[in-house]
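Curious how this folds, go ahead:
(one chain, ligands or ions: 2)
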Amino acid sequence: MKISDAYLIVSSPGRNFVTLKIVTESGIYGIGDATLNGREMAVVAYLEEHVLPALIGRDASRIEDIWHYLYRGAYWRRGPVTMAAISAVDLALWDIKAKAADMPLYQLLGGKSRERVMTYAHCTGRDIEGCLDEVERHIALGYRAVRVQAGVPGIATIYGVAKREGERYEPADAELPAEHVWSTEKYLNHVPKLFAAVRERFGDDIHLLHDVHHRLTPIEAARLGKAVEPYHLFWLEDCVPAENQESFRLIRQHTTTPLAVGEVFNSIHDYRELLENQWIDYIRTPLSHGGGITHVRRIADLAGLYHVRTGFHGPTDLSPVCLGAAVHFDTWVPNFGIQEHMPHTPETDAVFPHDYRFEDGHFLVGETPGHGVDIDEALAKQYPYKRASLPVNRLEDGTLWHW
Ligand SMILES: O=C(O)[C@H](O)[C@@H](O)[C@H](O)[C@H](O)CO
Ligand SMILES: [Mg+2]
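Ligands and ions are numbered 1, 2, ... in the order given. The predicted model follows:
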């Protein structure tokens, strides 16, 4: 099964996506997601200049060998751009292998470990009341788990909260980075009130999640984890920047609130101390950033040794290709926890026909051979790329802070 062609489709049906198509001499093709939000064209250059020409003529069935060729062979290992490029190739090759075997991808991975995949939705409000309304709406849609984020009095724009009620939240919202202002003190005083209100109105059964988006120091994260313990969160996500894995030792000493980390990680090495010391509870790296199925399943296996489960990143800036492959992975992986779900726009869904289904708060995997997601190339061409950037964040005195 020699690779005869490999090319990218860059399209912006509401937001930018980079999609890789690998075609084999047999006519079977595979699709991979190469989207790195706000840095899309860096991955395009990496793939077009350094990867795609080297794929032509290779045997598409040698997924493992091609992975190491791209990882070890580059000499410059790891990093989000390199790993997003490798991920796209890997996802496309697994798609090809499953199509050639005439099997849905989850079968090739080892078959079903569960019937359906629990998801969590984003509930955001300008204030606590607005957020509670969103929780009510999502419970009515069938969700068993919701991530709650609300505006904080005294902070004008806050991460994860849509600019206007009822609108979608979009991180890459300007051509050049917008500037936000952040106050840790105001935030820390407010968040426990939000969770108290949610539990009081909706009771104990709904799973509650929260994303701190890397904004605290370890001791502040420890304080927040303790403060929300009475509301028994499913997880507290990215409570500190995680380059220094050792930070989690301190947080863990102080709180039983479960911790999720890793949407910006791209390698098993980013996790090693966190897992071996049992400092975290959920891994977040998506298939399209963590080296594809070949590498992320190694991370999931290592995590499993320490009772750590998966909770893959699933915002709208990962394409339906990544989400579709994730639904197969989630259906198979023994230590599954939850899958993030931010619904794509109808324009995006039309560009990427797919067979995964959402029902009653869960994803159901499809039976189409491969990962079950395709791209309508003619339609994709109607949505040209537009530069879009994630914001930056400053403290009230102007210091550039973590976003
Ligand atoms: O947990 C999440 O879903 C994330 O934090 C996203 O909202 C990211 O900010 C976004 O994917 C950046 O591109
Ligand atoms: Mg996050």
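
Quick one: the helices in the stretch 151-300 of the chain, in order.
Secondary structure of the stretch 151-300 of the chain by DSSP state H, counting those that start in this stretch: the helices cover 184-202, 218-227, 247-254, 272-276, 292-305.

Select, out of those, the one closest to ligand 2.
Closest approach to ligand 2 among the helices of the stretch 151-300 of the chain is made by helix 218-227 (14.3 Å; Cβ to the ion). For the C-beta atoms, the positions are set from N, CA and C on the backbone; glycine is no exception.

what separates that closest one from the chain centre, distance-wise?
24 Å (Cα atoms, centre = their mean, to the nearest Å).

quick one, that helix and helix 184-202 angle?
If you take axes from the mean of the first three to the mean of the last three Cα atoms, to 10 degrees, helix 218-227 sits at 20 degrees to helix 184-202.

returning to what we had before: mind putting the helices of the stretch 151-300 of the chain in TSV, mean pLDDT and distance to residue 91 included?
Shown next, in TSV, are the helices of the stretch 151-300 of the chain (pLDDT from 0 to 100; distance: least, Cβ to Cβ, whole Å):
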stretch	mean pLDDT	distance to residue 91
helix 184-202	98	36
helix 218-227	98	33
helix 247-254	98	30
helix 272-276	98	24
helix 292-305	98	5
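
a markdown table please, covering those and showing distance to residue 123 and mean neighbour count.
Shown next, in a markdown table, are those (distance: least, Cβ to Cβ, whole Å; neighbours: other Cβ atoms under 10 Å):
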| stretch | distance to residue 123 | mean neighbour count |
| --- | --- | --- |
| helix 184-202 | 9 | 16 |
| helix 218-227 | 19 | 19 |
| helix 247-254 | 25 | 18 |
| helix 272-276 | 28 | 17 |
| helix 292-305 | 27 | 20 |
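
Can you add distance to ligand 1 and give these back as CSV?
Shown next, in CSV, are those (distance: least, Cβ to the nearest ligand atom, whole Å):
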stretch, distance to ligand 1
helix 184-202, 15
helix 218-227, 16
helix 247-254, 18
helix 272-276, 17
helix 292-305, 17
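
helices or strands up against the helix or strand harbouring residue 135?
When elements are assigned from DSSP states H and E, residue 135 belongs to helix 128-140. With contacts defined as 3 or more Cβ pairs under 8 Å, 6 or more residues apart in numbering; DSSP states H and E, helix 128-140 has these neighbours: strand 117-125, strand 145-150, helix 184-202.

Rounded mean pLDDT for the longest helix anywhere in the chain, please.
As assigned by DSSP state H, the longest helix anywhere in the chain is helix 80-100. For helix 80-100, the mean per-residue pLDDT is 99.

can I get the helices and strands packed on helix 128-140 in a markdown table with distance to residue 327?
As requested, the helices and strands packed on helix 128-140 are exported to a markdown table (distance: least, Cβ to Cβ, whole Å):
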| stretch | distance to residue 327 |
| --- | --- |
| strand 117-125 | 6 |
| strand 145-150 | 16 |
| helix 184-202 | 27 |
